[in-house]
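Below is the sequence, then the predicted model.
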Amino acid sequence: MRRPVSSPVAVVAAVVAAACTLAACAERPTEPARTRAPGAASASVASGGVMTSAENAVATAAIVRQLAASRGIVPLRRPAPVRPALVALGRALLFDPILSGNRDIACATCHLPGFSTGDGRSLSIGQGGSGFGPSRLHPAGTLIPRNAPPMFALGAMKHLFWDGRVQLGPDGRVQTPAGAQVTAEMQRTFEFGPISALGMFPVTSRAEMRAGRENEVGMVADTDLRGIWAALMRRLGAIPQYRAMFEAAYPGTRFDQMTFAHASNAIGGFIVDKLTFTNTPWDRFLAGDDRALTTAQLDGAQTFLSLKCSVCHDGATFSDDQFHNVAVAQIGPGEGNGDGGRDDFGRMNVTGLAADRYRFRTTPLRNVELTAPYGHDGAVTSLRAFVAHYSQSDLKLQSFDGASLDAGLRGSLLATASRILATRDTLLNGVVFGDDVVNKLMAYMSALTDDAARNLSSLTPERVPSGLRVPRP
Ligand code: HEC
Ligand code: HEC
């Protein structure tokens, strides 16, 4: 462990130097920003003379754009428009509890517009619960092992779920835990890549939506996914409005020829069309508007790009779409791994590779200030704490006590810090920074919010075709 350094200049310089022992740094430009004191004039970039603050801002903007390009951080493009009838169908399905075995929980129960398409909880509560968001309760206290992520910009992601188990294969097909039960015909139905396939899975999970044998969807054997999907299509087909909506969404195909892939693809279409936000201050800045970022945000951008953050958080979504262990504590019921089954081995559950233990997909960061709590299990309740976690993350993990979590979750904290640290991503070795750097990074995080994402209430429909209760906190 590197000795904590107190001078912010030394800290940034040390971290940057460490980052550049990485092979990838070789072809990265060694811009003057690397060695300048944070907050000091970025001076001497263009001339030896004294620069006005306006000239400074222009010079810093140029440096930041160059850094972003060299880190592979690119603008997020607006996806091509999705046909309105498909979006309308996807919207209805996302909000309709009809997709759950006991008709008591919709996708949107855990992906609420009022909570930025998450649920504001560390861990979700599945079927059988009542209420919404942080106040949702379950008499038996059943928790879903992972945090419900937001649904922003997911059309741009190749790996979905925290462990990437729904992913784009090398042949352009979507790979899922269902293997060949997702037929070639279903594959052809997926128009938007992995996000089109994702909706096939929450409906199969007894804990999330399907419930027990008391309903006809729950009666199907766990391994018979096609049977589960067919049972749901029978339910939907019994509602004339759904038949009409499906046939409008897929002109030329009769409802009776459709599979649940058509439903899932429509949900994907809705997510791509309505939840891809491309107008953040950062996007406007990348498009050439020097005044889109505040001075603090611009300074924060330079810090984010100069630190190792952007080695993993890159691309259009701020995710490399890869898997890393960044030393997040384990809470909750777990994914059935380890002693007692309360651990979560993350990506290893998909690949079987020991090297993937405790690795999770790099989280996209768009609108991140709106999507608390953080981490695969929501163990970190504030964005500031997650950002600060990266400084001496080994010590942070060892001393993590879940103080900000409610008592039940705090009690479920696993004492696995040393095992997690054994495979922590080496990029985090020796990373040390102070509060001033946290402040800068927080300013940058605030530049990744699209104002249009702040209030999503217009996404919730008044009613859904089943007539069941629409989730609305
Ligand atoms: C009980 C709460 C719950 C319900 C109901 C639910 N989800 Fe989720 N959702 C989650 C959790 C928890 C995860 C993370 C699971 C994981 O990664 O293993 C998740 C993950 C996702 C993701 C992946 C996001 C990403 O960043 O990779 C998408 C998309 C999604 N859900 C859409 C849906 C859709 C569509 C439905 C309905 C068919 C649905 N969810 C129903 C809780 C829920
Ligand atoms: C080694 C790759 C890597 C580096 C370097 C890295 N991150 Fe991450 N980041 C991840 C992964 C992986 C996760 C999800 C971890 C988990 O849930 O267990 C994550 C999660 C996050 C989250 C939580 C997002 C959410 O919605 O849960 C934030 C915020 C974040 N990172 C910001 C940063 C900042 C700021 C830096 C630089 C100080 C940084 N990251 C450096 C890989 C990385």
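Structure's in. What do you need? Ligands and ions are numbered 1, 2, ... in the order given.

Tell me the residues on this protein that lie near ligand 1, please.
94, 99, 105, 107, 109-111, 124, 126, 144, 146, 148-149, 151, 154, 160-162, 198-199, 202-203, 208-209, 267 (Cβ under 6 Å from any ligand atom). No exception for glycine: its C-beta is placed from N, CA and C like everyone else's.

Contacts only, for the residue of the stretch 151-300 of the chain found nearest ligand 2.
Here the residue of the stretch 151-300 of the chain nearest ligand 2 is Trp162; by Cβ to the nearest ligand atom that distance is 6.4 Å. Taking Cβ atoms under 8 Å, 6 or more residues apart in numbering, we find Trp162 in contact with Arg146, Asn147, Pro149, Gly346, Phe360, Arg361, His376.

Leu123 too?
Leu143, Ile144, Pro145, Arg146, Asn147, Ile331, Gly332, Pro333, Asp377, Gly378, Leu409.

near ligand 2, which residues of this protein show up?
Checking the chain against ligand 2 by Cβ under 6 Å from any ligand atom, the hits are 307-309, 311-313, 324, 326, 328, 360, 362-363, 368, 371, 374-376, 383, 386-387, 390, 425, 427, 441.

Could you list which of those residues belong to strands?
His324, Phe360 (DSSP state E).

Give me the buried entries from the residues of the chain next to ligand 2.
The neighbour-count test (16 or more other Cβ atoms under 10 Å) marks 307-309, 311-313, 324, 326, 328, 360, 362-363, 368, 371, 374-376, 383, 386-387, 390, 425, 427, 441 as buried among these.

for stretch 461-473, what is the average pLDDT?
Taken as a whole, stretch 461-473 has a mean pLDDT of 97.

try stretch 358-377
98.

mind starting the numbering at 272 from now?
From this message on, residue numbering opens at 272, which makes the last subject stretch 629-648.

can you map out the helices along the stretch 472-621 of the chain?
496-508, 511-520, 531-545, 552-557, 566-577, 580-583, 619-622 (DSSP state H, counting those that start in this stretch).

Please name the nearest non-neighbouring residue to Leu496.
Gln452 (4.6 Å; Cβ to Cβ, 6 or more residues apart in numbering).

Any stretches of this protein with poor pLDDT?
For the chain, residues meeting the criterion pLDDT under 70 lie at 272-320.

got the angle between the top helix by length along it and helix 566-577?
Criterion DSSP state H: the longest helix present in the chain is helix 324-341. Taking axes from the mean of the first three to the mean of the last three Cα atoms, to 10 degrees, one finds helix 324-341 and helix 566-577 inclined to each other by 30 degrees.

Figure out how far helix 324-341 is from the centre of its chain.
Taking Cα atoms, centre = their mean, to the nearest Å, one finds the center of helix 324-341 at 29 Å from the center of the full chain.

got the CA positions of it in PDB?
Output in PDB follows, covering the C-alpha atoms of helix 324-341 (Å, rounded to 0.1, in the frame of the first residue of the first chain):
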ATOM      1  CA  SER A 324      -9.100  33.100 -17.500                       C
ATOM      2  CA  ALA A 325     -11.200  33.000 -20.700                       C
ATOM      3  CA  GLU A 326      -8.100  31.800 -22.600                       C
ATOM      4  CA  ASN A 327      -7.400  29.300 -19.800                       C
ATOM      5  CA  ALA A 328     -10.900  27.900 -20.100                       C
ATOM      6  CA  VAL A 329     -10.500  27.500 -23.900                       C
ATOM      7  CA  ALA A 330      -7.100  25.800 -23.400                       C
ATOM      8  CA  THR A 331      -8.500  23.400 -20.800                       C
ATOM      9  CA  ALA A 332     -11.500  22.600 -22.900                       C
ATOM     10  CA  ALA A 333      -9.100  21.700 -25.800                       C
ATOM     11  CA  ILE A 334      -7.100  19.500 -23.400                       C
ATOM     12  CA  VAL A 335     -10.100  17.700 -22.000                       C
ATOM     13  CA  ARG A 336     -11.500  17.000 -25.500                       C
ATOM     14  CA  GLN A 337      -8.200  15.600 -26.600                       C
ATOM     15  CA  LEU A 338      -8.000  13.500 -23.400                       C
ATOM     16  CA  ALA A 339     -11.500  12.200 -23.900                       C
ATOM     17  CA  ALA A 340     -10.700  11.100 -27.500                       C
ATOM     18  CA  SER A 341      -7.500   9.400 -26.400                       C
END
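
Buried ones among the residues of the chain next to ligand 1?
Applying 16+ other Cβ under 10 Å to the residues of the chain next to ligand 1 flags 365, 370, 376, 378, 380-382, 395, 397, 415, 417, 419-420, 422, 425, 431-433, 469-470, 473-474, 479-480, 538 as buried.

Quick check: the gap between Gly498 and Val445.
Computed as Cβ to Cβ, to the nearest Å, the Gly498 to Val445 distance reads 20 Å.

how does this structure divide into domains?
279-313+329-346+551-722, 355-546 (automatic domain parsing).

how about a markdown table for these, with distance to Pro744 added?
Converted to a markdown table, the domains of the chain look like this (distance: least, Cβ to Cβ, whole Å):
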| stretch | distance to Pro744 |
| --- | --- |
| domain 279-313+329-346+551-722 | 15 |
| domain 355-546 | 4 |
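
what's the closest of the ones you listed to Gly738?
domain 355-546 (8.7 Å; Cβ to Cβ).
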